[in-house]
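J.: Output the structure for:
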Amino acid sequence: MHPCLLVHELLLHIIGFLAEDATLRTPCPSGNRDIARFARTCKSFMDPALDVLWHTQCALSPLVMCLPYDVWSRRVFDKIHFIREPSTDDWVKLQRYSHRIHVFSGPKIPGLSGVDDGILKTIFAPQLFHELFPSVHHLDFNIFSTASVTFPLLPGVLSSRLVRLSFTVPQWCHPDAFLDVVDSIHERASSLQVLNINSFASSPGLEVRLSEDQVPQLSTLSLSVRLRITPDSLCCLVQLQNLRVLSIKLPDNYVIAYRPLRPSFPALRRIKVTAPSLDMCSALLSSITSSKLEEIAISYDAQAPCTSLRAFFQEVQHIHDRSCGFHTLKLQHNLQLTSSIDPPFVILAPTLAPLLACSRLRVLCLINLGSFDINDQFVGQAALAWSAIEELRLRSLPWTTSHSTSFASFRELVEHCPRLRRLYMAFDARIVPDGGLGNAESAPQTLSFSMFNVYNSQIADARAVARYLRTVVPRLKILMAETSDTTAREMWRDTQSLLKIAPLQLSS
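T.: Residues are numbered from 1 along each chain as shown. As a prediction, the model looks like this:
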C-alpha cells in the first residue's frame, strides 16, 4: 500500500469522490455501493469508508436493517416494524454504525423502505436517541414523519449539538403541542444556526416566539406563511448579528421600531416576506442596515397604488446603492377573492423609474401588481440599464390587457441583454419588424435566450412571428402563451409548430 493512503484525511478525501458526481458535485446514486465495496477492501480502508458511508442518512431503515434479522420484518406496504424488542446488546452493536451519522436529511432515495411509528417511538426515546446518535448536528425531521402521532417526539431529541433543524407542523396540531416544541428549541437547541419550520396546520393560533438570547447564532430562519411570528420576536430578530437568510410572514399589527443605536439586520443577505400590505414591506426594507443584501422576495395581499409601488422601488434603489452584491428582486401581489372586482391600478413607466438605476439586477419579477402600461421607450431604457439581466418577468393582472410595447422592443431587450435567458412579458406581435438584430456582430449574444412566455400577447401572422423569432432567438426552446383569447392561443400554437417546439411546452 502506498504510504499516502495511510493518511486518514487524504483517504477520506479520496473516498468522497465515490460519494458524489465528480462533474456536477452532487450525490452519486451508485456511490454508496462503491463505498461499501471500498470498506470491504481491507481493515485500513474500513473505518474511513464507513465514516463517509454513514455520515448522511435520509432514512432510518438502513440502520434498523443492521439489527439481527429476528428483530425486524417488512410489512405489506414496505414498512419495517419490530417483531421483538431489541436487546441491550443489539443496541450496543448498532452503535458501531449510528455513532458515525452526523446528518439526517433528504432527499429520500426512491424505493427505500420506511419504518413504522412504533420504531420511531422506540428510537426517538430521548435517552436511546442521544446514545445512538451523539454526533448528529443536522436533523430534518420531515424525512421520518410529518404525522401528528410522532410530532411530540421532536422535543426529546433536541440538543445543544444541533446546528440545523427542519420540521413540519402536522395538519391536526394543537397550539399547546407546537408551543412545547418551540419552548424546547429555546431550552435545548441554543446552538441552532438554521431553523426551517413548514406547516400543514389549519389552526390560526400557532405562534413562533423567539428572542435574541435564546438563538444567538441563528443565521437562517424560514417559517411557513401559516405560522405567525409575534411582533416582539421580530423586534428581537432585527438585532441578530449573524442572521443572513430570513423568510417570514409579517404580523398584522407589526410596527417598525427604529433603534438608531443598534444596526437592524446587519448581516442579512436574502429576505423573503409575506405581508398584508406593501407599505409594511417598504418600512421593513427602510430599516435594514445590511450592506450585503443580495435577494429580496416580497408578496403582499392588498393591491398597492402607484405611490406605494414607487416608494417601495425607491427603497430597493437605496439597497442597490448600498449593497454591491444585490441582484434579485421578486415582487408579487397575492390575488384575493375580490381582486377581479377591484379596478386595477395602471402602472406607468415613471412608477418603475427607480429600478432603472439598479444596473446589477440579474432577476426581476413583478407579478400581478396591476396593469402595466409601458411603451417601447421604457423597454429601450430598461434594456440599456439592465445589461446583466438573466430573467425578466413583467406580468399584469390576468384579466387586464395592455399592448403598448411592440415586438421591436423585444429585439432591443435581446440585443442589449446578452445574458437574458427567460422572458415573461406581453408584446403586440401583430406587427412584425423586418429583419433580425440590428447588426450581425450582436447575433451570437442571443444564444443564451431559451424561454419566452408571451403571456397575453396579440398576434396576427404566425408564420411571420416564427420567422422573426427564429432569427432573433435561434436557441429558443420553450414558448408559452398564457391567454384566454382562443384565437390568439391557436395562432401561438401554430407559431410553436413552425418553430418545431414540443406542443406540451405551450400552456393556455
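
J.: Could you look up the next helix or strand downstream of the helix or strand hosting residue 463?
T.: Residue 463 belongs to helix 462-472 when elements are defined using DSSP states H and E. Counting by DSSP H and E, the next helix or strand C-terminal to helix 462-472 is strand 478-480.

J.: Please tell me how far residue 250 sits from residue 299.
T.: Distance, residue 250 to residue 299, by Cβ to Cβ, to the nearest Å: 11 Å. C-beta coordinates here come from the backbone N, C-alpha and C atoms, glycine included.

J.: what's the overlap in contacts for these two?
T.: Both residue 250 and residue 299 are in contact with 273-275, where contact means Cβ atoms under 8 Å, 6 or more residues apart in numbering.

J.: Most neighbours of all these, which one?
T.: Highest neighbour count within the shared contacts of residue 250 and residue 299, by other Cβ atoms under 10 Å: residue 275, with 23 neighbours.

J.: Now that one. Nearest residue, chain neighbours left out?
T.: Nearest non-adjacent residue to residue 275, counting by Cβ to Cβ, 6 or more residues apart in numbering: residue 250, 4.2 Å away.

J.: pLDDT averaged over stretch 413-427 - what is it?
T.: In this model, stretch 413-427 has an average pLDDT of 92.

J.: Give the helix, strand or coil label for residue 494.
T.: helix (DSSP: H, G, I helix; E, B strand; the rest coil).

J.: What's the separation between it and residue 457?
T.: 14 Å.

J.: Same question for residue 233.
T.: Distance, residue 233 to residue 457, by Cβ to Cβ: 45 Å.

J.: swap in residue 332?
T.: 21 Å.

J.: neighbour-wise, which of those two wins?
T.: residue 457 (26 against 17).

J.: check contacts around the more buried one.
T.: The neighbours of residue 457, taking Cβ under 8 Å, 6+ apart as the test, are 403, 426-429, 481, 483, 488, 492.

J.: I'd like those as CSV, with neighbour count and secondary structure appended.
T.: Output for those, formatted as CSV (neighbours: other Cβ atoms under 10 Å; DSSP: H, G, I helix; E, B strand; the rest coil):
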residue, neighbour count, secondary structure
403, 14, coil
426, 24, coil
427, 25, coil
428, 18, strand
429, 25, strand
481, 23, coil
483, 21, coil
488, 20, helix
492, 25, helix
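
J.: Just give me the closest of those to residue 92.
T.: residue 481 (64.4 Å; Cβ to Cβ).

J.: Which pLDDT value does the model give that closest one?
T.: Residue 481 carries a pLDDT value of 85.

J.: Identify the residue nearest it in space, chain neighbours excluded?
T.: Using Cβ to Cβ, 6+ apart, the closest residue to residue 481 is residue 492 (3.7 Å).

J.: mind listing what that neighbour touches?
T.: Neighbouring residues of residue 492 by Cβ under 8 Å, 6+ apart: 454, 457, 459, 462, 479, 481, 483, 506.

J.: hmm, 10 Å instead?
T.: Each residue near residue 492 by Cβ atoms under 10 Å, 6 or more residues apart in numbering is listed here: 429, 454, 457, 459, 462, 465-466, 479-483, 485, 506, 508.

J.: do the same with residue 174
T.: Contacts of residue 174 (Cβ under 10 Å, 6+ apart): 148, 151, 180, 201, 203, 205-206.

J.: That one and residue 453, how far apart?
T.: Residue 174 is 44 Å from residue 453, by Cβ to Cβ.

J.: Repeat that for residue 182.
T.: From residue 182 across to residue 453, the span is 41 Å (Cβ to Cβ).

J.: biggest helix in the protein, by residue count?
T.: Looking across the chain with DSSP state H, the single longest helix is helix 306-322.

J.: Which elements pack onto the helix or strand following that one?
T.: Per DSSP H and E, the first helix or strand lying C-terminal to helix 306-322 is strand 328-333. Secondary-structure packing of strand 328-333 (3 or more Cβ pairs under 10 Å, 6 or more residues apart in numbering; DSSP states H and E): strand 270-275, helix 278-287, strand 295-300, helix 306-322, strand 363-367, strand 391-395.

J.: Quick one: closest of those to residue 91.
T.: Smallest distance to residue 91 across these (Cβ to Cβ): 42.1 Å, for strand 270-275.

J.: The closest one vs strand 328-333, what angle?
T.: 10 degrees (axes from the mean of the first three to the mean of the last three Cα atoms, to 10 degrees).

J.: so the residue nearest to residue 275 makes contact with residue 278?
T.: No - in this structure, residue 250 is not within contact of residue 278 by Cβ atoms under 10 Å, at 11.1 Å.

J.: Show me which of the two is the more surrounded one.
T.: Higher neighbour count among residue 250 and residue 278: residue 278, with 23 against 20, using other Cβ under 10 Å.

J.: what's near enough to touch the residue lying closest to that one once chain neighbours are set aside?
T.: Excluding the flanking residues, the one nearest residue 278 by Cβ to Cβ, 6+ apart is residue 304, at 3.9 Å. By Cβ under 10 Å, 6+ apart, the contact list for residue 304 reads 277-279, 281-282, 310-312, 331, 333, 345, 347, 369-370.

J.: Give the helix, strand or coil label for residue 304.
T.: Classified using three-state DSSP, residue 304 is coil.

J.: Residue 162 too?
T.: Following three-state DSSP, the label given to residue 162 is coil.

J.: For residue 322, which non-adjacent residue is closest in space?
T.: residue 291 is the one closest to residue 322 (Cβ to Cβ, 6+ apart), at 5.3 Å.

J.: Next: residue 208.
T.: residue 229 (4.7 Å).

J.: Next up, phi/psi of that neighbour, please.
T.: phi -90, psi 130 (degrees, to the nearest 10).
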